[in-house]
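Enquirer: Predicted model and sequence below, questions to follow.
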Amino acid sequence: MSNAGTGLKGVVLDDTRIALVDGEQGKLVYRGYNIHDLAQHATFEEVSYLLLYGALPTRAQLAGFDRQLKAGRAIPEQVVEIIERVKAAHPMDILRTAVSAAVALDENSHEATVEVGLPAGVRLIAQVATVVATMHRIRNGLEPVPPREDLSHAANFLYMMFGKEPSPEDAKIIDLDLVLHAEHSSNASTFAARVAAGTAADLGSAIVAAIATLKGPLHGGAAEAVQKTVEEIGDPERAIEYIKDKIEAGEKVMGFGHRVYKTEDPRGAELRDVARDLGHKLGNDRWFQILQEIERAMEPYRAKGIYPNVDFYAGAVYSLLGIPEEQFIPMFAVGRMPGWVAHVLEQYEDNVLIRPLLEYTGPRHLRYVPIEQRT
Ligand SMILES: CC(C)(COP(=O)(O)OP(=O)(O)OC[C@H]1O[C@@H](n2cnc3c(N)ncnc32)[C@H](O)[C@@H]1OP(=O)(O)O)[C@@H](O)C(=O)NCCC(=O)NCCS
């Protein structure tokens, strides 16, 4: 039987204790805890600790972890210079290049072990947020804003982006968004990170592989595409017609469908209310109304297992908070960092090289033809 075009669909790669994604029930569990429970009660720092260490932290453990994260926030001056030099590139190219440089400069990160990878991973979780905010500032001709140690990860990220302390409500929304994006089992970027870690490459190299893989529109780019769609539609009354045209043209509707979820993505459900309430608070109900109309237009496709995914409402939330569309994929990376690190460490714990096969379907018995005889 041919394996052509299956994209490893349904193939189980290995065991994991990090997360469960139940595509039939629309259930996501981090280390035993349901995502809805964590979304309601836990901070990004707690969830990061949970993913890395396998259990929720005590107060003292969380305080120690938080100190470690805060100590890791600053990025070396050379990394800022590199961002300056490549500032005109795609933001994901800038992020990948800057993280690669940060890793190369971190002399204590180059061993492919849990002992070295864990503290290096915590530093990178902190630094990636700083890199994203720094690139945003530099691309807009603004001075980078150094991190502050008295703010949470989410609040400090917004502070470094916009140069002013965010309201507790805005910081809470970003914190929730980061929690929802923190981990998702063997998605394409995490798979790439595990493949790199499986060769006994250091954690930083594995994270760079993950960032490279996240760049593609089928993975990290959907939130940006959804927001562009919303702005293009412009008026809720145009939504149904627009979607009909898209489907008839054989195009995929961004923010819908998922390789694993064949029912509602639980992360999308969490962001729906946030998008509605934030839009209402800011006097912009239109985007949410358009999103609702798109959802309605897509209802017939539920029978095929096509439901809104996490990216469907994320774009509107980011835009309402003033985060530009070009930073949506980098935002995804800020959130996914603890998941990537946890998977690299899990791979190191019981490592086996990941090396699947390809079924060769080309010719087998051609004879070499000297160049002057080729036509
Ligand atoms: C995420 C995605 C790549 C998953 O792809 P997949 O697991 O390979 O799913 P399939 O392409 O096999 O989908 C099954 C069917 O649903 C259709 N479908 C899937 N997603 C669709 C979408 N967003 N809009 C319209 N139709 C869609 C496919 O065309 C296919 O139809 P067919 O059976 O008539 O050929 C795909 O749903 C997609 O491209 N979505 C839009 C991008 C996006 O939002 N990505 C973010 C994911 S979190």
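Expert: Everything's here; your move.
Enquirer: quick one: average confidence on stretch 100-112?
Expert: Averaging pLDDT along stretch 100-112 yields 96.
Enquirer: How about stretch 11-26?
Expert: Computed over stretch 11-26, the average pLDDT equals 96.
Enquirer: This protein: strands as residue ranges?
Expert: Taking DSSP state E, the strands of the chain run over residues 19-22, 27-30, 33-34.
Enquirer: do you know which of these lies nearest residue 313?
Expert: For residue 313, the closest of these is strand 27-30, at 15.6 Å, according to C-beta to C-beta. Just so you know, the C-beta spots here come from the backbone N, C-alpha and C atoms, and that holds for glycine as well.
Enquirer: I'd guessed residue 176 sits against residue 273; true?
Expert: No. Using C-beta atoms under 8 Å, residue 176 is not in contact with residue 273; the gap is 10.3 Å.
Enquirer: So which of the two has more stuff around it?
Expert: residue 176 (22 against 11; other C-beta atoms under 10 Å).
Enquirer: what sits against the more buried one?
Expert: 39, 270, 271, 274 (C-beta atoms under 8 Å, 6 or more residues apart in numbering).
Enquirer: again, 6 Å this time
Expert: residue 39 (C-beta atoms under 6 Å, 6 or more residues apart in numbering).
Enquirer: How about residue 333?
Expert: Contacts of residue 333 (C-beta under 6 Å, 6+ apart): 211, 214.
Enquirer: The chain should start at 29 in everything you say after this.
Expert: Okay, using 29 as the starting number, the last item reads as residue 361.
Enquirer: Now that we're looking at it, what pLDDT does it have?
Expert: pLDDT at residue 361 comes out at 98.
Enquirer: quick one, phi psi at the residue of the chain found nearest the ligand?
Expert: Of all residues in the chain, the one sitting closest to the ligand is residue 285 (2.2 Å; C-beta to the nearest ligand atom). Residue 285 adopts backbone torsions of phi 90, psi 150, taken as degrees, to the nearest 10.
Enquirer: So what's the residue count around the spatially closest residue to it that is not a sequence neighbour?
Expert: Closest residue to residue 285 in three dimensions, ignoring its sequence neighbours and counting by C-beta to C-beta, 6 or more residues apart in numbering: residue 334, at 4.8 Å. The number of residues packed near residue 334 is 18, by other C-beta under 10 Å.
Enquirer: cool, and residue 403?
Expert: 3.
Enquirer: same question, residue 279
Expert: Using other C-beta under 10 Å, residue 279 has 10 other residues around it.
Enquirer: list the contacts for it?
Expert: Residue 279 neighbours (C-beta under 6 Å, 6+ apart): none.
Enquirer: got it, and residue 355?
Expert: residue 164.
Enquirer: rerun at 7 Å
Expert: 119, 160, 164 (C-beta atoms under 7 Å, 6 or more residues apart in numbering).
Enquirer: Same check on residue 112?
Expert: Neighbours of residue 112 in contact, by C-beta under 7 Å, 6+ apart: residue 166.
Enquirer: cool, residue 153 as well?
Expert: Residue 153 makes contacts with 76, 97, 365, 366, 369, as judged by C-beta under 7 Å, 6+ apart.
Enquirer: what about the nearest residue to the second one once chain neighbours are set aside, how many residues close to it?
Expert: Think residue 97. Nearest residue to residue 97 in three dimensions, chain neighbours excluded: residue 154, at 4.7 Å (C-beta to C-beta, 6+ apart). Using other C-beta under 10 Å, residue 154 has 22 neighbouring residues.
Enquirer: do residue 393 as well
Expert: Residue 393: 4 neighbours (other C-beta under 10 Å).
Enquirer: now it: how far from residue 292?
Expert: With distances taken as C-beta to C-beta, to the nearest Å, residue 393 is found 52 Å from residue 292.
Enquirer: cool, and residue 372?
Expert: Per C-beta to C-beta, residue 372 is found 30 Å from residue 292.
Enquirer: And for residue 377?
Expert: From residue 377 to residue 292 the distance is 33 Å (C-beta to C-beta).
Enquirer: More neighbours: which of these two?
Expert: Each of residue 377 and residue 292 has its neighbours counted (other C-beta under 10 Å); residue 292 has more, 16 against 9.
Enquirer: Let me see the backbone angles for the more buried one.
Expert: Torsion angles, degrees, to the nearest 10, at residue 292: phi -70, psi 130.
Enquirer: hang on, isn't it packed against residue 54?
Expert: Yes. Contact criterion C-beta atoms under 7 Å: residue 292 and residue 54 qualify, at 4.9 Å.
Enquirer: Residue 128: how many residues sit nearby?
Expert: Neighbour number of residue 128 under other C-beta under 10 Å is 18.
Enquirer: Kindly apply the preceding question to residue 378 instead.
Expert: 8.
Enquirer: Next one, pLDDT for it please.
Expert: 94.
Enquirer: so what's the backbone phi/psi at it?
Expert: Torsion angles, degrees, to the nearest 10, at residue 378: phi -140, psi 60.
Enquirer: And stretch 177-195, what's buried?
Expert: The neighbour-count check on stretch 177-195 (16 or more other C-beta atoms under 10 Å) flags 179-190, 194 as buried.
Enquirer: Ok, stretch 111-119 next?
Expert: 111, 114, 119.
Enquirer: From residue 262, how far off is the last one?
Expert: Same thing as residue 119. If you go by C-beta to C-beta, the gap between residue 119 and residue 262 works out to 25 Å.
Enquirer: Could you do residue 85 as well?
Expert: 46 Å.
Enquirer: ok, the two, which is more surrounded?
Expert: Neighbours per residue (other C-beta under 10 Å) separate residue 85 from residue 262, with residue 85 holding more: 18 against 13.
Enquirer: Get me the contact residues on this structure for the ligand.
Expert: 246, 250, 280-287, 332, 334, 337-339 (C-beta under 6 Å from any ligand atom).
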